[in-house]
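> Here's my sequence, what's the structure:
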Amino acid sequence: MLVHEVMSTGLVMVKRTDTIRSAVMKMMNRHCGSLPVVEGDNQLVGMVTLRDVLIPLYPNYGDYIHDNVHSRSFVERDGGRIP
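The predicted model follows:
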C-alpha cells in the first residue's frame, strides 16, 4: 500500500498568527489530530498537533483521557476557553 492511497486531500491549514482555539476547532471539525502551519504563499513552516496543545494545558492528560468515570471535554474542563 502506498501513502497516496490513504492520505487526506483538501487540506485545512493554519497560519502562525491563528489562535490555538481556531486551530483546535478546525481539528475537531475535521476529526484530525494535526494541521500544517503555513506562511505567505502556503509555504509549509511547521505542524501543530492536538498533543502540542493538550500537554501544556493538561500535563496528566494521558491519565485524564483513560478515566472513563471522570472524563469530560477538554473545552468544557477549560471553561470553554482555549488560550
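> from here on, contacts and neighbour counts on C-alpha atoms
Will do.
> Lowest average confidence across helices and strands of this protein, where is it?
Ranked by mean pLDDT, DSSP states H and E, the weakest helix or strand in the chain is helix 74-77, scoring a mean of 55.
> Summarise which helices and strands the helix ranked longest in the chain is packed against.
Ranked by number of residues, the top helix in the chain under DSSP state H is helix 20-30. Identification of packing neighbours for helix 20-30 by 3 or more C-alpha pairs under 8 Å, 6 or more residues apart in numbering; DSSP states H and E yields strand 34-39, helix 50-57.
> Output the below-cut-off pLDDT ranges for this protein.
58-59, 61-83 (pLDDT under 70).
> Next, the contact list for residue 51, please.
Residue 51 makes contact with residue 33 under the criterion C-alpha atoms under 8 Å, 6 or more residues apart in numbering.
> and the gap between it and residue 40?
Note on residue 51: its distance to residue 40, by C-alpha to C-alpha, to the nearest Å, is 25 Å.
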